[in-house]
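Q: Build me a structure from this.
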Amino acid sequence: MPTITRAVTAMLCLYVCLPLLVANAQGDQQSAKFNDSKRLPNFVIIFCDDMGYADIGPFGAEGYETPHLDRMASEGIKFTDFYVGRSFCSPSRAALMTGCIPTRVGVGGNFGPKSTTGLNPEEMTIAEVLKQKDYATACFGKWHLGHQPKFLPPNQGFDEYFGIPYSNDMWPYHPGVRHLPMEQRIKRWPHLPLYEGLKVINPQVMPEDQVHLTTRLFERAVKFIDEHSEEPFFVYLPSPQPHVPLFVSDKYKDKTERGLFGDVISEIDWGVGQIVGALKKNGIDENTCVVFTSDNGPWLSYGDHAGSAKPLREGKGTNFEGGFRVPCVMRWPGRISAGKTSGEIAGTIDLLPTFARLADAPLPSKTIDGKDIADLMFDKVGAKTPHDVFYHYDGGNRLMALRSGKWKLMFAHSYNSPLPGEGGIPGKGQRKNLELSLFDLESDIGETTNVADQHPEVAERLQRYAEQMRGDLGQGQEVGPGRRPIGRSEQ
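A: Numbers count the residues shown, from 1 in each chain. Okay, here's the model as predicted:
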């Protein structure tokens, strides 16, 4: 072929093929940007308040639908044996943030507006672990780990914070005190503030403000995702709902058969859809792990304003499964296989070490109790729970129960079994006593039959585990060498 002909042919080929090559290269770069294994993953935790085991569609909710959570479960994994650190708000949040049994970090009970204590800033939170790898971090919602400035999210590893410092019922508009003059209400509960960072932007949150709070929190999370889609980020969204008093915006008011509670869950489900939609819109869906769970079981004394723990026994505030076992769904397209269910023991304390591994971030130098559950998340063949035993403490820092495999040992104690109230007013409780009890959760998920006499060797083995833990953390006022101090403020 003449030289001139070969040259013309080559130029024509370049003219035709170059746009395709450029387009393919740009597409490959865009794909690599969000799918390259070297790109650090994003993490989102949606942490509901007082949502029971059976309060979302994937776990059997009745009277309303949760289409976004249903889809999230169908595209990800459902954990059926997922536990919190304690069946109350503050200790549960301390466990999630630090990867520790709450007693280890000194958090036994709930913080309130008069507290001078909080999560010790010397503890390392999930946010601080991820900041080691230059993550952008944000908290939108209910913090409840101390409201003094040194304890708030901006001083615990979060770049942004928008929300309330403690529970939404710690205010003078709770249905239980509305019959009192405002002067008397304020003596019990001061006005509830709304924070932006360390600044109070609304010192007196009113009922009409809470109506829009769920929407505002999810919208802030979406905005943060939009703004930080080019870098690794961690979004923590501790929703104040469905903790009483219940509030819902007009878009979901009176929409479900279940009433106000169902309306509230429907709006939370809408928020989940907004989060997933933002991830897809920004092209980072396949590089983001989303975790949806709750801080403890339902507050059953509120009756029609509370959720359900079926088929579990009791709810919030108890050491039964209904208090500690919560719904959990995780989604991460391309990493977590679709439509999976895990019955292995896992919990919120495991999220910190798992995220640390996935982000290649160093773990805290201090002892933590959580374990890496990435193999469970990714449904690795033969993956088993990393926990030989899982411990449950009460607000007095007493070891009350522990689970190993299918077995759960509960120590003798008295507890409050609530009678359901109505219309946002709690019912009265019945004080009951429980003897030392061993339950086979595999055949008796409702903890109805004590089999300690039939399996004394199992009870003895779990008792030995308990003694070892008491030697580490102590019991009640007796402080063990592994228990660290709570944070204290001069204010």
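Q: Can you list the residue ranges for helices in this structure?
A: 3-35, 67-74, 89-98, 126-131, 182-188, 207-211, 213-227, 260-281, 321-324, 351-358, 374-377, 456-473 (DSSP state H).
Q: How far off centre is the second one?
A: Relative to its chain's centre, helix 67-74 lies at 17 Å (Cα atoms, centre = their mean, to the nearest Å).
Q: need the least confident one among the helices of the chain, by mean pLDDT.
A: For those, the weakest mean pLDDT is recorded on helix 3-35, namely a mean of 42.
Q: Let me see the domain layout of the chain.
A: With domains defined by automatic domain parsing, the chain comprises 38-387, 393-488.
Q: The longest one: how far from the chain's middle?
A: If you compare the mean C-alpha spot of domain 38-387 with that of the full chain, they lie 4 Å apart, counting by Cα atoms, centre = their mean.
Q: Quick one: end-to-end length of it, please.
A: In domain 38-387, first residue to last residue: 30 Å (Cα to Cα, to the nearest Å).
Q: about what we covered before: adding distance to F292 and mean neighbour count, write the helices of the chain out as CSV.
A: The way it works is simple: take the backbone N, C-alpha and C, and place the C-beta from them, glycine included. As requested, these are exported to CSV (distance: least, Cβ to Cβ, whole Å; neighbours: other Cβ atoms under 10 Å):
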stretch, distance to F292, mean neighbour count
helix 3-35, 22, 10
helix 67-74, 7, 20
helix 89-98, 13, 29
helix 126-131, 16, 22
helix 182-188, 34, 13
helix 207-211, 22, 14
helix 213-227, 12, 20
helix 260-281, 6, 21
helix 321-324, 17, 28
helix 351-358, 12, 22
helix 374-377, 13, 20
helix 456-473, 30, 15
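Q: So which of the ones you listed is nearest P420?
A: helix 260-281 (12.0 Å; Cβ to Cβ).
Q: Kindly export the closest one (C-alpha atoms) in CSV.
A: Below are the C-alpha coordinates for helix 260-281, written out as CSV (Å, rounded to 0.1, in the frame of the first residue of the first chain):
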residue,chain,number,x,y,z
LEU,A,260,-49.5,8.1,64.9
PHE,A,261,-46.8,5.5,65.6
GLY,A,262,-47.1,4.0,62.1
ASP,A,263,-47.1,7.5,60.6
VAL,A,264,-43.8,8.2,62.4
ILE,A,265,-42.1,5.0,61.2
SER,A,266,-43.4,5.8,57.6
GLU,A,267,-41.6,9.1,57.7
ILE,A,268,-38.4,7.5,59.0
ASP,A,269,-38.7,5.0,56.1
TRP,A,270,-39.1,8.0,53.7
GLY,A,271,-35.8,9.4,55.1
VAL,A,272,-34.0,6.1,54.4
GLY,A,273,-35.2,6.5,50.8
GLN,A,274,-33.8,10.0,50.7
ILE,A,275,-30.4,8.8,51.9
VAL,A,276,-30.1,5.9,49.4
GLY,A,277,-31.4,8.3,46.7
ALA,A,278,-28.6,10.7,47.4
LEU,A,279,-26.0,8.0,47.3
LYS,A,280,-27.2,6.9,43.9
LYS,A,281,-27.5,10.4,42.6
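Q: Surely A374 touches F355?
A: No - with contact defined as Cβ atoms under 8 Å, A374 and F355 do not form a contacting pair (9.3 Å).
Q: surely L399 meets Q468?
A: No - taking contacts as Cβ under 8 Å, L399 lies outside contact range of Q468: 10.4 Å.
Q: Can you tell me which of the domains of the chain is most buried?
A: The highest mean neighbour count among the domains of the chain, using mean count of other Cβ atoms under 10 Å, belongs to domain 38-387: a mean of 21.
Q: quick one: contacts for G176?
A: I425, P426 (Cβ atoms under 8 Å, 6 or more residues apart in numbering).
Q: coming back round to it: would TSV of the helices of the chain with distance to Y166 be doable?
A: TSV is the format used below for those (distance: least, Cβ to Cβ, whole Å):
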stretch	distance to Y166
helix 3-35	38
helix 67-74	26
helix 89-98	8
helix 126-131	19
helix 182-188	14
helix 207-211	14
helix 213-227	14
helix 260-281	19
helix 321-324	20
helix 351-358	22
helix 374-377	31
helix 456-473	25
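Q: how about these, which one is nearest F390?
A: helix 321-324 (8.9 Å).
Q: contact partners of that closest one?
A: So helix 321-324 is contacted by 52-53, 83-84, 86-87, 296-298, 300, 309, 312-317, 392, 401, 408, 441, 445-447 (Cβ under 8 Å, 6+ apart).
Q: one more time with 6 Å, if that's ok
A: Y83, V84, S87, G297, A309, L312, R313, E314, G315, K316, H392 (Cβ atoms under 6 Å, 6 or more residues apart in numbering).
Q: What's the separation between the fifth one and K406?
A: Distance from A309 to K406, counting by Cβ to Cβ, to the nearest Å: 19 Å.
Q: How about the third one?
A: Relative to K406, S87 is positioned 21 Å away (criterion: Cβ to Cβ).
Q: P238: which of the helices of the chain is closest?
A: Of the helices of the chain, nearest to P238 by Cβ to Cβ is helix 89-98, at 6.9 Å.
Q: Just want the angle from the closest one to helix 351-358.
A: Counting by axes from the mean of the first three to the mean of the last three Cα atoms, to 10 degrees, helix 89-98 lies at 20 degrees to helix 351-358.
Q: worst-scoring helix or strand of the chain, pLDDT-wise?
A: In the chain, no helix or strand scores lower on mean pLDDT, DSSP states H and E than helix 3-35, which sits at a mean of 42.
Q: Out of the helices of the chain, flag the one nearest Y236.
A: Among those, helix 126-131 sits nearest to Y236 (Cβ to Cβ), with 7.1 Å.
Q: hmm, who's touching that closest one?
A: M97, T137, G157, F158, F234, L352, A356, A359, A361.
Q: Could I get the residues you listed in JSON lines, plus columns for distance to S167?
A: Output for the contacts of helix 126-131, formatted as JSON lines (distance: Cβ to Cβ, whole Å):
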{"residue": "M97", "distance to S167": "17"}
{"residue": "T137", "distance to S167": "23"}
{"residue": "G157", "distance to S167": "22"}
{"residue": "F158", "distance to S167": "19"}
{"residue": "F234", "distance to S167": "23"}
{"residue": "L352", "distance to S167": "23"}
{"residue": "A356", "distance to S167": "29"}
{"residue": "A359", "distance to S167": "31"}
{"residue": "A361", "distance to S167": "31"}
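Q: wait, which of those residues is closest to E286?
A: Taking the contacts of helix 126-131 together and measuring to E286 by Cβ to Cβ, the closest member is A359, at 16.2 Å.
Q: Quick check: the closest one vs A374, distance?
A: 11 Å.
Q: And for R464?
A: Taking Cβ to Cβ, one finds R464 at 30 Å from A374.
Q: between the contacts of helix 126-131, which is closest to G487?
A: M97 (12.1 Å).
Q: Surely the closest one and P121 touch.
A: No - between M97 and P121 there is no contact under Cβ atoms under 6 Å: 11.5 Å.
Q: quick one: low-confidence ranges for the stretch 101-250 of the chain?
A: Residues of the stretch 101-250 of the chain meeting the criterion pLDDT under 70: none.
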